[in-house]
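S.K.: Starting from these lines, generate the structure:
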Amino acid sequence: MQQLNFSSYSFRFKNSENKVSIFDAIRKKFIILTPEEWVRQHVVHFLKKKKNYPKSWINVEKLIKMNRLT
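M.R.: Purely as a prediction, here's the structure:
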């Protein structure tokens, strides 16, 4: 994946069926590694490690309902 303008973090990776997955500590499962997921994981680690946000304050892919619309 492309180098991002974040500190260097250690990630857990897994190969299965010729696809690379990255462990998401918030969702507690491996997610297929896409460019979007690569950025998301860097942001999550930045918030947890640099800004000291608790994991309970971070949501990934949260469903929002507003005026009966999702």
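
S.K.: rest of the way, CA atoms for contacts and neighbours
M.R.: Fine.

S.K.: Any chance you could list what contacts the longest strand belonging to the chain?
M.R.: Ranked by residue count, the top strand of the chain under DSSP state E comes out as strand 19-24. With C-alpha atoms under 8 Å, 6 or more residues apart in numbering as the contact definition, strand 19-24 has outside contacts at F11, R12, F13, K14, N15, K29, F30, I31, I32, L33, Q41.

S.K.: In that strand, which of the residues would be classed as buried?
M.R.: S21, I22, F23, D24 (16 or more other C-alpha atoms under 10 Å).

S.K.: Quick check: end-to-end length of stretch 2-14?
M.R.: 18 Å (C-alpha to C-alpha, to the nearest Å).

S.K.: Report the mean confidence score over that stretch.
M.R.: What stretch 2-14 shows for mean pLDDT is 90.

S.K.: same question, stretch 18-28
M.R.: Across stretch 18-28, pLDDT averages out at 94.

S.K.: Just give the closest residue to the spatially most central residue of the chain, not the sequence neighbours.
M.R.: Nearest to the mean C-alpha position of the chain, by C-alpha atoms, centre = their mean, lies Q41 at 3.0 Å. Leaving aside its chain neighbours, Q41 sits nearest to D24 (7.0 Å; criterion: C-alpha to C-alpha, 6 or more residues apart in numbering).

S.K.: Going along the chain, name the helices of this protein.
M.R.: Counting by DSSP state H, the chain has helices at residues 35-45.

S.K.: At which residues are the strands of it located?
M.R.: Counting by DSSP E, the chain has strands at residues 13-16, 19-24, 29-32.

S.K.: helices and strands around the last one, which ones?
M.R.: Right, the one you point to is strand 29-32. strand 19-24 (3 or more C-alpha pairs under 8 Å, 6 or more residues apart in numbering; DSSP states H and E).

S.K.: Please name the strands paired to the strand it packs on in the sheet, noting orientation.
M.R.: Strand pairing for strand 19-24, using DSSP bridges, gives strand 13-16 (antiparallel), strand 29-32 (antiparallel).
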